[in-house]
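*Asks:* Build me a structure from this.
(2 chains)
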Amino acid sequence: MIRLFVPKDVSALAVGADRVAKVLTQQAGEGVQIVRTGSRGMTWLEPLIEVETPEGRIAYGPVTPADVPELLAAGLLSGADHPLRIGRPEDHPFMVRQTRLTFARCGIVDPLSLDDYRAHGGLEGLTKALAMSPEAVVAEVTASGLRGRGGAGFPTGIKWKTVADAAADRKYIVCNADEGDSGTFADRMILEGDPFCLIEGMVIAGLAVGATKGFVYSRSEYPHANVTFTEALILAREAGLIGPDILDSGRSFELELRVGAGAYVCGEETALLESLEGKRGMVRAKPPLPAHVGLFGKPTVINNLVSLASVPVILAKGAKAYADYGLGRSRGTMPIQIAGNAKYTGLFEAAFGITLGEIIETVAGGTLSGRPVKAVQCGGPLGAYFPPSLFDTPYDYEAFTARDGLIGHGGIVVFDDSVQMGAQARFAMEFCAIESCGKCTPCRIGSTRGVEVIDKIMAGTERAANMAVLEDLCQTLKYGSLCALGGFTPYPVMSAVRHFPDDFNGSGTSAKVPAE
Amino acid sequence: MASKTTNLVADWDPNRAAAIINAHLGLEGPALPILHGLQAAFGCVPSEAIPMVAKALNRSRAEIHGVVTFYHDFREAPAGKTVVKLCRAEACQAVGGREAASFLLASLGIGWGETTPDGAVTVEAVYCLGLCAAAPAALVNGQPHGRLDGMSLIEAVAEETQP
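*Replies:* Below you'll find the model as predicted:
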């Protein structure tokens, strides 16, 4: 039996993977099994198909349905040469530079095969955790240095300890899979490519803090991920990975998938909890922290999906092995997601410390258009635009903060020199206006005023005075908002103003940005 | 309670709505699953259903109306036959998303969130489908499409609208 691997990750489906799989099924003949996998993360090569050979898996991409007859004739099934042949995926320069810990299985395994999962190291972490005391599990996560991968960077172990120490009749684990940042898709890739890894991480979290119920809050924009994860939950329940008696340990953990309804602000943890409770996704004031008063008023661990999906490997390999990667206070690896106008787009998991320039110039290969890079937006729609002059910034929570930016959930969107940064700043304000939950006045009203002020600046109306108004407005948003939506919208706006003042001239004449 | 005759939902069926509501009452925080269920059945959250949901959850009608109107997904009237969820966010902007969107909207003669007069196509703005590495991207009746430009976007929509 020859095995062919065709991704069913939605980024591969979006460029024709199902059509390729269909033609392969029709033409590959008897004795060929087609296995649908997640994505390796080399998205620019999708659909990227692989064949199992004695030398390992050999990849070809990007494959169109029309390429299939020629590929088969050339000897696809034995891994023969062809212009589309990539070779072994793990030998590809894009993969060689990576450290795949959280995404070790993604794109390799059948996401809905628990046998495959176990064969590739799955459940090792949970098996260890079941043999440890809850305190020891929390201590292990703390020692790994894992910090929140959603953007805030709060130490995961400390959050867990707070919930573990809280006395309550009921506690919850909530996975924040409301991955709304443009340029990010790491959560989606796990949901579609290695869903058991998230389930395992959440069960470990439940055991560690004494929670018996978990929720995954995903997005309506991710219908394919939700289908795969729903099936994974059924299989996990059948196998006793979740339910009343986890792997015959006598301990219980129930897990449910919930789907949002198109509100970006629900990615903010307290708005997410409100939404899970069936309310408008309005941000809560903190304190109390969700760790003390969370879902339905109970102590709640709310972690980003990537944080939870990193827990199994930390338990399996040990905290030290994980913490040995990284730089300063940023330990372990980060799935960096390269998107937009880049030559090599996809997911690049690497230890913290790689520089932004290395990511853009070497890993991403510059722009897809071949034009010079003008700016990269790091950390989603609330992240700063970095010009090439800041490309020496190391990928690290603190280093980005020091340069008025953030790594956020790991997204990097590349723009070439055709981008107009005044329009990008305007969009940041417009997005904030559309998605504001309305609780804080600066965010609710300031964002609309921000659009108007930028329009005036671009039209050349009292440019210097309006630029001062914009700066002032951004200060008000930054310090007068409860959550990151209002608080961080000034990052893209002000970084565009500071680094690209010529783009706010409207007419193209050189009006200077007023100095504060 | 007198039900409003809005005529927005042709196949409104209170028994069906009640069954959907009841099926979710055992959940913790059932409101969103109920609203998703209603929209899946009726193509929108019918205004007639709001007092029913409120009663079942022991919440005020105003509160449920507030929930329905907070979330971009929930519609008060059904969408067109083909729904295009087109990404407007930055990663798509970086590779011509704005231009592709303008091309589609101009060819259909509608704006964001609008439906063509014949009820064939609704174009909704979404902010990220997670297809940022294969941008610009859209979901057309749930089918993903990536690396789009104006022409291929129109073709993708035409594929769904032609019988």
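
*Asks:* contacts, neighbours, all on C-alpha from now
*Replies:* Fine.

*Asks:* got any ranges where chain B has weak pLDDT?
*Replies:* Scanning chain B for pLDDT under 70 picks out the ranges B:1-8, B:163.

*Asks:* Mind listing residues that contact stretch A:425-436?
*Replies:* Applying CA atoms under 8 Å, 6 or more residues apart in numbering or on different chains, the set of residues contacting stretch A:425-436 from outside is A:263-265, A:381-382, A:443-445, A:447-448, A:450-451, A:454-455, A:485-486, A:489, A:492-494, A:496-497.

*Asks:* buried set for that stretch?
*Replies:* By 16 or more other CA atoms under 10 Å in any protein chain shown, the buried positions in stretch A:425-436 come out as A:425-433, A:435-436.

*Asks:* And the residue of the stretch 101-250 of chain A that's closest to chain B?
*Replies:* Per CA to the nearest CA, A:Phe185 is where the stretch 101-250 of chain A lies closest to chain B, at 4.7 Å.

*Asks:* how about the residues of the stretch 1-150 of chain A that lie near chain B?
*Replies:* For the stretch 1-150 of chain A, the contact set with chain B under CA under 8 Å from any CA of the partner chain comprises A:10-11, A:13-15, A:43-44.

*Asks:* Show the pLDDT at the residue of the stretch 101-250 of chain A closest to chain B.
*Replies:* Confidence at A:Phe185, expressed as pLDDT, is 98.

*Asks:* I figured it was touching B:Cys128, is that so?
*Replies:* No - between A:Phe185 and B:Cys128 no contact is recorded; they are 9.2 Å apart, counting by CA atoms under 8 Å.

*Asks:* what touches both of the two?
*Replies:* Common contacts of A:Phe185 and B:Cys128 (CA under 8 Å, 6+ apart): none found.

*Asks:* can you list the residues of chain B near chain A?
*Replies:* When proximity is defined by CA under 8 Å from any CA, chain B lies next to chain A at B:28-33, B:66-67, B:70-74, B:89-95, B:126-135, B:137, B:142-147.

*Asks:* Quick check: ChimeraX command selecting the buried ones in those residues.
*Replies:* Here is the ChimeraX command that selects the buried residues among the residues of chain B next to chain A (16+ other CA under 10 Å):
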select /B:29,30,31,32,33,67,70,71,72,73,74,89,90,91,92,93,94,95,126,127,128,129,130,131,132,133,134,135,137,143,144,145,146,147
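
*Asks:* Helices - which of the residues of chain B next to chain A land there?
*Replies:* Under the assignment DSSP state H, the residues of chain B next to chain A contribute B:31-33, B:66-67, B:70, B:90-93 to helices.

*Asks:* ok, back up a step: which residues touch the residue of the stretch 101-250 of chain A closest to chain B?
*Replies:* Counting by CA under 8 Å, 6+ apart, A:Phe185 touches A:179, A:337, B:130-132.

*Asks:* As a check, name the ranges of all strands in the stretch 51-200 of chain A.
*Replies:* Remark: strands assigned in the stretch 51-200 of chain A by DSSP state E, counting those that start in this stretch are A:56-60, A:85-87, A:172-176.

*Asks:* Packed most tightly, which of those strands would that be?
*Replies:* The highest mean neighbour count among these, using mean count of other CA atoms under 10 Å in any protein chain shown, belongs to strand A:172-176: a mean of 28.

*Asks:* other SSEs contacting it?
*Replies:* Here strand A:172-176 touches helix A:195-209, strand A:213-218, strand A:300-304, helix A:305-317, going by 3 or more CA pairs under 8 Å, 6 or more residues apart in numbering or on different chains; DSSP states H and E.

*Asks:* Might you quantify the distance of the third one from its chain's geometric centre?
*Replies:* This means strand A:300-304. How far strand A:300-304 lies from its chain's middle: 15 Å, per CA atoms, centre = their mean, to the nearest Å.

*Asks:* The helix or strand where A:Glu452 lies: which residues count as buried?
*Replies:* Secondary structure from DSSP states H and E places A:Glu452 in helix A:441-459. Using 16+ other CA under 10 Å as the test for burial, helix A:441-459 gives A:442-444, A:446-458.

*Asks:* And the contacts of that helix?
*Replies:* The contact list for helix A:441-459, computed with CA under 8 Å, 6+ apart, reads A:422, A:425-427, A:429-430, A:432-433, A:436-438, A:462-463, A:466-467, A:469-470, A:473, A:476-477, A:480-481, A:485-487, A:504-507.

*Asks:* Now a ChimeraX select for only the buried ones of these.
*Replies:* This is the ChimeraX syntax for the buried subset of these, where burial follows 16+ other CA under 10 Å:
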select /A:422,425,426,427,429,430,432,433,436,437,438,463,466,467,469,470,473,476,477,481,485,486,487,504,505,506
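
*Asks:* mind listing which of the contacts of helix A:441-459 are in helices?
*Replies:* Applying DSSP H to the contacts of helix A:441-459, the entries found in helices are A:422, A:425-427, A:429-430, A:432-433, A:463, A:466-467, A:469-470, A:473, A:476-477, A:480, A:485-487.

*Asks:* For the stretch 251-400 of chain A, what lies in contact range of chain B?
*Replies:* A:258-264, A:275-281, A:338-341, A:345-346, A:381.

*Asks:* how does it look with 10 Å?
*Replies:* Those residues of the stretch 251-400 of chain A that sit near chain B, judged by CA under 10 Å from any CA of the partner chain, are A:256, A:258-264, A:266, A:274-282, A:295-296, A:337-347, A:367-369, A:376-377, A:380-381.

*Asks:* want to throw the strands of the stretch 51-200 of chain A into JSON lines with distance to B:Ala106 and mean pLDDT?
*Replies:* Listed next are these as JSON lines, based on distance: least, CA to CA, whole Å; pLDDT from 0 to 100:
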{"stretch": "strand A:56-60", "distance to B:Ala106": "38", "mean pLDDT": "98"}
{"stretch": "strand A:85-87", "distance to B:Ala106": "41", "mean pLDDT": "98"}
{"stretch": "strand A:172-176", "distance to B:Ala106": "37", "mean pLDDT": "98"}
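
*Asks:* would TSV of those with distance to B:Pro78 be doable?
*Replies:* Formatted as TSV, those follow (distance: least, CA to CA, whole Å):
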stretch	distance to B:Pro78
strand A:56-60	43
strand A:85-87	47
strand A:172-176	30
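
*Asks:* Tell me how far the closest residue to A:Gly125 other than its chain neighbours lies from chain B.
*Replies:* With CA to CA, 6 or more residues apart in numbering or on different chains as the criterion, A:Gly125 has its nearest non-adjacent residue at 4.1 Å, and that residue is A:Ala316. From A:Ala316 across to chain B, the span is 29 Å (CA to the nearest CA, to the nearest Å).
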